[in-house]
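Asker: Based on what follows, work out the 3D shape:
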Amino acid sequence: MKMYAYRELSPLDDDWKGWKISKGKLITPDGWPLTPNRIIMGNALIEIGAADELRFQREVLRTARVLKKL
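Answerer: Predicted structure coming up:
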């Protein structure tokens with residue numbers, strides 16, 4: 001229950017200053033809510049070096065949607 005409620009992550013380390021956990025989402029200092037799926041997809045895009053390549057982004061999104069349906 002404590003992790004579901006609004007919690008600051010700054011006590012963990014200075015790198016987490018401004019980050020929060022609220023209702024199962026990681027909230028960036030800019031206020032963007034990140035779900036686990038968005039974090040995994042972002043990491044996958046970084047790993048394959050396709051941040052600027054639309055074709056690879058579409059492929060990852062398509063695969064993620066198929067996996068989500070399973």
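
Asker: wait, isn't Leu61 in contact with Arg38?
Answerer: No: using C-beta atoms under 8 Å as the test, Leu61 is too far from Arg38 to be in contact (11.3 Å). For the C-beta atoms, the positions are set from N, CA and C on the backbone; glycine is no exception.

Asker: name the helices or strands packed onto the lengthiest helix in the chain?
Answerer: When the chain is parsed with DSSP state H, its longest helix is helix 54-69. Applying 3 or more C-beta pairs under 8 Å, 6 or more residues apart in numbering; DSSP states H and E, one finds that helix 54-69 makes contact with helix 36-48.

Asker: and the angle from the helix it packs on to helix 54-69?
Answerer: 140 degrees (axes from the mean of the first three to the mean of the last three C-alpha atoms, to 10 degrees).

Asker: Okay, buried residues for helix 36-48 please.
Answerer: By neighbour count with 16 or more other C-beta atoms under 10 Å, helix 36-48 contains the buried residues 41, 45.

Asker: What is that helix packed up against?
Answerer: So helix 36-48, by 3+ C-beta pairs under 8 Å, 6+ apart, packs with helix 54-69.

Asker: quick one, domains of the protein?
Answerer: 1-34, 36-69 (automatic domain parsing).

Asker: got those domains as TSV, with mean pLDDT columns?
Answerer: Shown next, in TSV, are the domains of the chain (pLDDT from 0 to 100):
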stretch	mean pLDDT
domain 1-34	79
domain 36-69	79
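
Asker: ok so, going back, list the buried ones in the longest helix of the chain?
Answerer: Those would be 57, 60, for helix 54-69 by 16+ other C-beta under 10 Å.

Asker: Please state the offset of it from the chain centre?
Answerer: 15 Å (C-alpha atoms, centre = their mean, to the nearest Å).

Asker: Then stretch 53-70?
Answerer: Per C-alpha atoms, centre = their mean, the centroid offset for stretch 53-70 relative to its chain is 15 Å.

Asker: again, but for stretch 49-61
Answerer: 16 Å.

Asker: What sits closest to Trp16 if chain neighbours are left out?
Answerer: Nearest residue to Trp16, sequence neighbours excluded (C-beta to C-beta, 6 or more residues apart in numbering): Leu9, at 3.9 Å.
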